[in-house]
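> the sequence isn't on hand, but the structure is:
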């Protein structure tokens, strides 16, 4: 292959890559513009035009469930239903942007398409409020669903009321076919409240709100919500009354559809997105979740097993549906949303078993609240696993060491910056025997470094590497130095470092807590904002991250460790690592970077103290004394020499 052929081949690859990048950028830009135009038309009340714009968005990025849900919502408001062509539109491939928008097919205005539930096709658009001292719920008469959930003890990063979900984009209802094959979606039909009361305030005793979806006066589906004082959870009981002739005779399962746009609640969107996912618990099994930090536009999982609960999880808050018995099966999906207002669009479709009869009851619970471990643990069924603290030993250290100590300190100290400082000191005290041994070993090796460098000059050839290694090990042994003595203690500390890495970003206790210049320890502490975005670093600079980086250089200089002359690239890598970590941690929790800064500074202090216990003259004296003694070969050295002889090298030469 000549030079021109190679150049031509490379140019072809670059052209293909360029076309692919351009197409993706164009598709993303077109999609965002179409969605923005649709939202603008919705705000103006032009639903028909908004619907057209949403279809245009699907032509750029097909199979977007969030956009399809918007179209479905507009269809319901307009009183129309899409014909079969609309399903085809949702499968349109990019590049077919010029296809004319599909015109919806009119449906009967009298609701006759709902069969026995025709009278429920029209009703009053109203709300019932159910609240206690922690939670305020708005229950919509349309669909009988919880329309919004506000947590009273919390606000968003910009000090607005914290609402887990709100609006017509949220779907919650049962889907089924009647005996005469009519499709029913309870989310689209109107319920009637059993009582005329519009507001329920729970103080000392639990209160209930009941709504009914009538087929006839004696045939209905009843939703009953019961909220107790000082609780984030409420019971949700469904009664199927005298529906034997409406359901097919062999039906003992009904589908529960739950969809939700997840709003952005935190300033650090990147960090929030990293912990936003769907979790679910399989019957008699562990809690499972969709992959964290996934960049896939759409993720979907079909669950062909019984389920205890399904949760839509944000960084610090969750919405959970829990079966009193079990869900028979289910499917869940997560879609990344490009808008600033929302981070994800979550869906779930759950199989709910029931016993056919004159009156069937289905019991469930709903949890709308914080990802606070002790609060979740009281709900049972391993709901505390909604807080991701790492797996295996990392999670164990977080749950049984870090969190109990943190909570104990919190009983006596109200400032979380001080709590982190004391926690760091306690960890350093516990780890001091390990770090002291590590420093001792490192310091002794630093004393012997000139002698090791002399061995490098004595054995400069690559084929003498085995001889050099044996001579170096002999030198260390005579000086009483274990070369692994510095590594093993450090390795034993890594689980705690990783546990802290997992703990700080998900600790709701740190959320919106001030310390020094940091206004929120759960997100980054920006001291300088840029008008542009730097890859990895973002559009700001965090002071605790800078302090962490500077302290890393300081501790590196204190240890005095430097690579061998035959490894010049390692020196550059040593100095690059703190800079790389600065870019990585700039968007992370300021509580985490503050902790790492403290840990580095305390390590620096420990090294100063430890240095007083290292006597270089004593190390060299030990070496000289041991030179006069015969060397007892270890089993490892014996095996190494045997292996060397097999390779044809005489180690004694």
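Good, I have the coordinates. As the structure is a prediction and not an experimental result, all values here were calculated from the model.
> burial count for residue 204?
Per other CB atoms under 10 Å, the neighbour tally for residue 204 reads 6. For every residue, glycine as well, the C-beta is placed using N, CA and C.
> nope, residue 355 is what I meant
Residues within reach of residue 355, counting by other CB under 10 Å, total 10.
> so for it, what's the pLDDT?
Residue 355 is assigned a predicted lDDT (pLDDT) of 87.
> need the contact list for the closest residue to it other than its chain neighbours.
Nearest residue to residue 355, sequence neighbours excluded (CB to CB, 6 or more residues apart in numbering): residue 252, at 6.9 Å. Applying CB atoms under 8 Å, 6 or more residues apart in numbering to residue 252 gives the contacts 353-356.
> ok, so of those residues, who is nearest residue 396?
Nearest to residue 396 among these is residue 353, at 35.8 Å by CB to CB.
> one step back: please report phi then psi for the residue nearest to residue 355.
Here is the backbone geometry of residue 252 (degrees, to the nearest 10): phi -130, psi 20.
> check residue 368 too.
Backbone phi and psi, for residue 368 under degrees, to the nearest 10, turn out to be phi -130, psi 100.
> show me what it is bridged to.
Judged by DSSP bridges, the bridge partners of residue 368 are residue 319.
> count the residues that sit near it.
Based on other CB under 10 Å, the number of other residues close to residue 368 is 23.
> likewise for residue 288?
Neighbours of residue 288 (other CB under 10 Å): 16.
> again, but for residue 577
13.
> just the pLDDT for it.
78.
> for residue 231, same thing?
Looking at residue 231, its pLDDT is 94.
> for residue 314, what are its contacts?
164, 262, 265, 272, 275-276, 343, 371 are the contacts of residue 314 under CB under 8 Å, 6+ apart.
> what do you get for residue 218?
Listed by CB under 8 Å, 6+ apart, the contact set of residue 218 reads 241-242.
> against residue 116, how distant is it?
The gap separating residue 218 from residue 116 is 12 Å, by CB to CB, to the nearest Å.
> quick one on the thing from earlier: now the two most distant members of the contacts of residue 252.
Most distant of these, by CB to CB, are 353 and 356, 10.5 Å apart.
> residue boundaries of the helices in the stretch 201-350 of the chain?
269-274 (DSSP state H, counting those that start in this stretch).
> what's the domain layout of this protein?
3-106, 116-388, 399-523+590-620 (automatic domain parsing).
> ok, which of those comes nearest residue 530?
Closest among those, using CB to CB: domain 116-388, at 15.2 Å.
> now the element after the strand or helix carrying residue 39, going C-ward?
Using DSSP states H and E, residue 39 maps to helix 3-44. Using DSSP H and E, the helix or strand that directly follows helix 3-44 along the chain is helix 47-60.
> which of the contacts of residue 252 fall within strands?
Cross-referencing the contacts of residue 252 against strands under DSSP state E gives residue 353.
> narrow the contacts of residue 252 to just the buried residues.
353-354 (16 or more other CB atoms under 10 Å).
> nearest to residue 401, of the contacts of residue 252?
Of the contacts of residue 252, the one sitting nearest to residue 401 (CB to CB) turns out to be residue 353, at 41.3 Å.
> was I right about the closest one contacting residue 255?
No - when contacts are counted by CB atoms under 8 Å, residue 353 is not listed as touching residue 255 (11.1 Å).
> which pLDDT does the model give residue 316?
For residue 316, pLDDT reads 93.
> do the same with residue 166
So residue 166 comes in at 85 (pLDDT).
> again with the one 10 residues further on
Per-residue confidence at residue 176 stands at 89 (pLDDT).
> now do the one 10 residues further on
At residue 186 the predicted local distance difference test score is 91.
> didn't residue 259 look like it was pressed against residue 170?
Yes - Residue 259 lies in contact with residue 170 (CB under 8 Å); the separation is 6.7 Å.
> relative to residue 335, how far out is the residue positioned nearest the centre of the chain?
With distances taken as CA atoms, centre = their mean, residue 275 lies nearest the centre of the chain, 1.5 Å away. According to CB to CB, residue 275 and residue 335 sit 17 Å apart.
> who are the contact partners of residue 273?
Counted by CB under 8 Å, 6+ apart, residue 273 has contacts 293, 343-344.
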